[in-house]
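K.L.:
Below: sequence and its predicted model.
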Amino acid sequence: MSSYSVRPATARDAKAIAEIHVATWQAAYKDVMPQDYLNKVTVEKRQAYWREAIEYSEPQVLVATQDDKVVGFVGFDRSRDAKTRSTVGEIWAMYVSPDHWAQGAGVALWDGAREGLKEEGCTQVTLWVLLRNERALQFFEHAAGFKREMPSLKTVDFGSAKLEEIRLKRAVD
């Protein structure tokens, strides 16, 4: 039984979400992305983004809490990829505070997002993961049942670094 609860994010969660977003990027990508790029990912910028996302439900945002403290979040909606059917959803972002990694918060968030996507009529769900983000790939493939779509590989610029992302996909059921 998970000690995490999942609920829809509210405007007052935006700062906690931003802090988790930045802390997770700093921890997960420290050996992957240039430090000058990571330094540009600030709580202030992320807070503004997430406040707007929560206000307009684009994407829908859920938070995982433990003892009323926000420890992770997931943003999901319809797929942003060109030429996808309206029944394809996408996990836009999912981050858990590093001190809660591998303790069940990610699974709780995935379960919440999956239910939300089902309610939206989605039958498939995708997400993009950096190939060098082994922790995320491990979670999504083993804990959440996603499979890699090999022809989907794309290169994305992160400051002075060009990194490869791959799309993962699974049925929503």
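P.N.:
Received the coordinates, thanks.

K.L.:
got the residue ranges for the strands in this protein?
P.N.:
For the chain, the strands defined by DSSP state E occupy 5-8, 60-66, 69-78, 88-96, 124-130, 147-158, 161-171.

K.L.:
Out of these, which gets the lowest mean score?
P.N.:
Mean pLDDT is lowest for strand 147-158 out of these, coming in at a mean of 93.

K.L.:
can the strands of the chain go into JSON lines with extra columns for distance to residue 36 and mean neighbour count?
P.N.:
Where C-beta positions appear, they are placed from N, C-alpha and C, glycine not excepted. Shown next, in JSON lines, are the strands of the chain (distance: least, CB to CB, whole Å; neighbours: other CB atoms under 10 Å):
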{"stretch": "strand 5-8", "distance to residue 36": "35", "mean neighbour count": "15"}
{"stretch": "strand 60-66", "distance to residue 36": "28", "mean neighbour count": "23"}
{"stretch": "strand 69-78", "distance to residue 36": "26", "mean neighbour count": "23"}
{"stretch": "strand 88-96", "distance to residue 36": "21", "mean neighbour count": "23"}
{"stretch": "strand 124-130", "distance to residue 36": "18", "mean neighbour count": "20"}
{"stretch": "strand 147-158", "distance to residue 36": "10", "mean neighbour count": "11"}
{"stretch": "strand 161-171", "distance to residue 36": "10", "mean neighbour count": "15"}
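
K.L.:
Let's have those strands in CSV, adding distance to residue 140.
P.N.:
Compiled in CSV, the strands of the chain are given as follows (distance: least, CB to CB, whole Å):
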stretch, distance to residue 140
strand 5-8, 17
strand 60-66, 16
strand 69-78, 12
strand 88-96, 8
strand 124-130, 6
strand 147-158, 9
strand 161-171, 5
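
K.L.:
between those, which gets nearest to residue 34?
P.N.:
Residue 34 sits nearest to strand 161-171 of all those, at 5.3 Å, using CB to CB.

K.L.:
can you pull the contacts of residue 155?
P.N.:
By CB atoms under 8 Å, 6 or more residues apart in numbering, the contact set of residue 155 is 162-165.

K.L.:
Go through these and name the one nearest residue 143.
P.N.:
The closest of the contacts of residue 155 to residue 143 turns out to be residue 165 (CB to CB; 19.6 Å).

K.L.:
Now that closest one. Nearest residue, chain neighbours left out?
P.N.:
In this structure, residue 165 finds its nearest non-sequential neighbour in residue 128, 4.7 Å apart by CB to CB, 6 or more residues apart in numbering.
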